[in-house]
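# Starting from these lines, generate the structure:
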Amino acid sequence: MFYVNIGYACPMTESTSQHAKKSLGQHFLRDHNAIARIASAIPEGAIAIEIGPGPGAITESLLARAIKLTVIEMDDRFASHWQDVAKNNSELSVIHGDVMKELEGAVASVQPEWIAGNLPYNLSGPLTAKLAGFNLSGGMVLMYQREVAERIASEPGSKVYGGLSVLVRHYYDVKRLLTLPPGAFVPPPKVHSAVILMTPHGKTPACSYEQLQKTVRQGFAHRRKTINNNFRGELGAEEFEAIGIDPRKRPEQLDYDAWVRIALALKN
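Next comes the predicted model:
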């Protein structure tokens, strides 16, 4: 998990590198310009959830912008710290737990306009699939390892285009906000990182997110097979042609609208 930290943000006695846990893959963001760009993507006074605040450079910046903030933190040390801060700050709430278990309930309770976070690599896929299903009025600002961000922001036909590339477009337009080198963190990771900005496109989806997710999961199960083979027994070549899709195409060649048409055809 890429946690963030700037020295003045949190009154801790040890250095940030001493606080980083290898077991959790923690790396603290120290680039002030990056911190400012991430925080400023969320409007002042918004209602937001932050995933994995860690020591809290972005957290402090968001609170300074009068943002009503709920943080979800699994690490006992940081959860305890933010619980102490929340005692004297009515704009801050803390959920101590696993984001995969707590996120849905938090969104239902908080009704956030925005979600921000530095997502752990080992959870980035399933967590993004969860996040993409929330139709927020503001959007999301999320940090990933660069390779994961490239997959999410990629277009049809790209070698890295996949299920997440489709799912995030159900409610959002997606663009890369910035790329960060290892030196932007302490201790520096072995990979570059990137921040993705997702903002609502305002279109009413033709199918439910659950329908789309099920369809995409099946369609990308075998990337090297044609779309016709991946849905054999459920949709035939003639049915694909009837909805304007060449059955010989592979999953990565189909845009979001094509996947929606498949989801609707399967439903019917």
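# Ends of stretch 186-197, what's the gap?
23 Å (Cα to Cα, to the nearest Å).
# Next, the most far-flung residue of the chain relative to its centre: secondary structure please.
Within the chain, E238 marks the point farthest from the mean C-alpha position, 36.7 Å out by Cα atoms, centre = their mean. Following DSSP: H, G, I helix; E, B strand; the rest coil, we place E238 in the helix state.
# Next one: it, what pLDDT does it get?
Predicted confidence (pLDDT) for E238: 97.
# got the end-to-end distance for stretch 244-255?
Per Cα to Cα, stretch 244-255 runs 12 Å from first to last residue.
# how near is the residue farthest from the centre of the chain to A108?
To A108, E238 is 43 Å away according to Cβ to Cβ, to the nearest Å. Where C-beta positions appear, they are placed from N, C-alpha and C, glycine not excepted.
# cool, and F220?
Where A108 is concerned, F220 sits at a distance of 29 Å (Cβ to Cβ).
# Would you mind telling me which of the two has the busier surroundings?
F220 (21 against 9; other Cβ atoms under 10 Å).
# quick one, what contacts that one?
162-163, 230, 251 (Cβ atoms under 8 Å, 6 or more residues apart in numbering).
# Dump those residues to a markdown table, plus pLDDT.
Shown next, in a markdown table, are these (pLDDT from 0 to 100):
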| residue | pLDDT |
| --- | --- |
| G162 | 96 |
| G163 | 97 |
| N230 | 96 |
| P251 | 97 |
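# Nearest to A184 among those?
G162 (26.6 Å; Cβ to Cβ).
# R250 against R223, yeah?
Yes: the pair R250 / R223 is scored as a contact, 6.7 Å apart, by Cβ atoms under 8 Å.
# Pick out whichever of those two has more residues nearby.
R250 (17 against 14).
# need the contact list for that one.
If you count contacts by Cβ under 8 Å, 6+ apart, then R250 has 223-227 around it.
# could you redo the last one with a cut-off of 10 Å?
By Cβ atoms under 10 Å, 6 or more residues apart in numbering, R250 lies in contact with 157, 219-220, 222-227, 229-230.
# That one and V99, how far apart?
From R250 to V99 the distance is 33 Å (Cβ to Cβ).
# Domains in this structure, by residue range?
For the chain, automatic domain parsing gives the domain ranges 7-200, 209-267.
# quick one: secondary structure of T179?
T179 ends up strand, using three-state DSSP.
# Just the strands from the stretch 1-150 of the chain, written as ranges.
Ranges of strands in the stretch 1-150 of the chain, per DSSP state E, counting those that start in this stretch, are 28-29, 47-51, 68-73, 92-96, 114-118, 139-145.
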